[in-house]
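Chemist: Output the structure for:
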Amino acid sequence: MVHRHAALRRKRGVTIPLVTVVIPTFGRPQLLKRAVDSVLVQTLSDLELIVVIDGDDPATVAYLQGVADPRLRYIAHESKRGAGQTRDTGADAGLGKWVSFLDDDDEWLPTKLEKQLALAPKDGRAVLMTLSHVVTPEGDFIRPLTPYDGRQPVDEWIFDRTSWFKGGMTFLQTSSITVPKMMFDTLHYRDTKQHEEWELVIRAVKQLGYSLLTANEPLVVHYAGQPRPSLSKTYTWEKSIAWIEEMKAFVTPRAYSGFLLSHVGQNSANVGEYSAILPLLRAAFAGGKPSPQQLFRFALCWIVPRGLRRNLRAKLQGERTAAPATAVVETAPSTSRQ
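Modeler: Below is the predicted model:
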């Protein structure tokens with residue numbers, strides 16, 4: 001493997017890395033080890049890795065103290081603050097020109113940062129992401145199927161559903177995102193404790209005028225649907241309605257209703273929260289512009305079991321599962337820049 005050792009910049013005697021990598025964690029050092037290892041073997045080695053422990057966690061501290069790589073340091077919160085504030089702590093402490101986030105139960109392929117940073121424009125005004133290899137108990141898939149190309153509002157790309165059956169056309173997850181440090185210092189993650197990555201990207205593109213550019217390879221392995229605790233698994237449909245209402249200035253009516261009917265509706269249906277049906281419908285019509293496809297998919301989520309929906313969708317769109325997670329999978333032609 002060829003490693004690119006870029007000359008580290010120095011400012012007033014302090015080594016300045018190109019990228020600050022932030023991993024929030026609590027209570028699962030074995031999973032964290034996999035994530036940390038995937039960062040420290042990156043072909044772009046001009047980085048610092050900051051692990052932020054969200055609370056009292058002696059086992060994780062003991063593991064991190066045993067890692068000899070000088071690029072790694074850790075910060076421990078005295079009490080729990082949640083995923084968004086934990087990522088903020090790491091990013092604020094970082095010195096890199098770029099900030100890249102990785103969840104402690106995900107991992108990167110070795111060329112992730114190198115190929116992602118190769119997309120960066122000269123002015124640095126872009127949010128960079130990659131495709132993800134999504135590993136679930138029901139199968140492995142490449143997401144998104146349709147990377148963002150700038151031809152529609154980014155919020156509609158994330159939330160709207162224009163097809164009757166096809167799923168997975170869009171996908172945006174924290175472990176695939178790298179952002180300019182200057183941009184993150186302006187926005188940060190708000191203390192919403194949910195949907196932080198969606199809000200960060202939407203506001204970067206629509207409020208600050210940044211581009212969203214995607215490396216057209218699955219360079220992140222994202223483990224979804226696993227039965228284990230998470231700093232981010234605090235979402236409720238009530239809080240989601242409140243969040244999209246607060247975001248109303250940055251989303252179109254179509255994106256507003258798509259978020260509630262397609263995303264929140266599907267998640268609520270998957271766990272059998274039938275009390276969410278009427279409130280979600282009322283909110284979608286009151287603040288959004290539901291499309292026939294959104295309403296159809298909302299009904300489908302409640303009528304058809306999740307496993308059957310996935311199998312039906314895979315057959316209708318001829319979806320193939322991903323290759324093993326250690327392999328880079330060839331995908332569709334790359335998207336154009338915004």
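Chemist: since we're on V39, how many residues are nearby?
Modeler: When neighbours are counted by other C-beta atoms under 10 Å, V39 registers 24. Using the backbone N, CA and C atoms, a C-beta is placed for each residue, glycine as well.
Chemist: and if you look at the one 4 residues further on?
Modeler: Other residues near T43 number 16, with proximity taken as other C-beta under 10 Å.
Chemist: Hmm, it is touching P110, no?
Modeler: Yes. If you go by C-beta atoms under 8 Å, T43 and P110 touch, sitting 5.5 Å apart.
Chemist: what mean pLDDT does stretch 215-226 have?
Modeler: For stretch 215-226, mean pLDDT rounds to 88.
Chemist: Which parts of the stretch 51-200 of the chain are helices?
Modeler: Assigned by DSSP state H, counting those that start in this stretch, the helices in the stretch 51-200 of the chain fall at 58-65, 83-93, 112-117, 154-159, 181-187, 196-206.
Chemist: Just name the shakiest helix or strand of the protein by mean pLDDT.
Modeler: Scoring the helices and strands of the chain by mean pLDDT, DSSP states H and E places strand 9-11 at the bottom, with a mean of 48.
Chemist: For W302, give me the backbone phi and psi.
Modeler: phi -90, psi -20 (degrees, to the nearest 10).
Chemist: Could you check how far it is from S240?
Modeler: 16 Å (C-beta to C-beta, to the nearest Å).
Chemist: Also P137?
Modeler: In terms of C-beta to C-beta, P137 sits 24 Å off from S240.
Chemist: Which one of those two is surrounded by more residues?
Modeler: Higher neighbour count among P137 and S240: S240, with 23 against 10, using other C-beta under 10 Å.
Chemist: For the protein, which residues score under the pLDDT cut-off?
Modeler: 1-14, 163-169, 191-193, 225-235, 306-338 (pLDDT under 70).
Chemist: Now D54: phi and psi?
Modeler: Given degrees, to the nearest 10, the pair of backbone angles that D54 has is phi -90, psi 70.
Chemist: show me the contacts for it.
Modeler: Going by C-beta atoms under 8 Å, 6 or more residues apart in numbering, D54 touches P24, T25, F26, H77, K80, R81, G82, A83, T86, L231.
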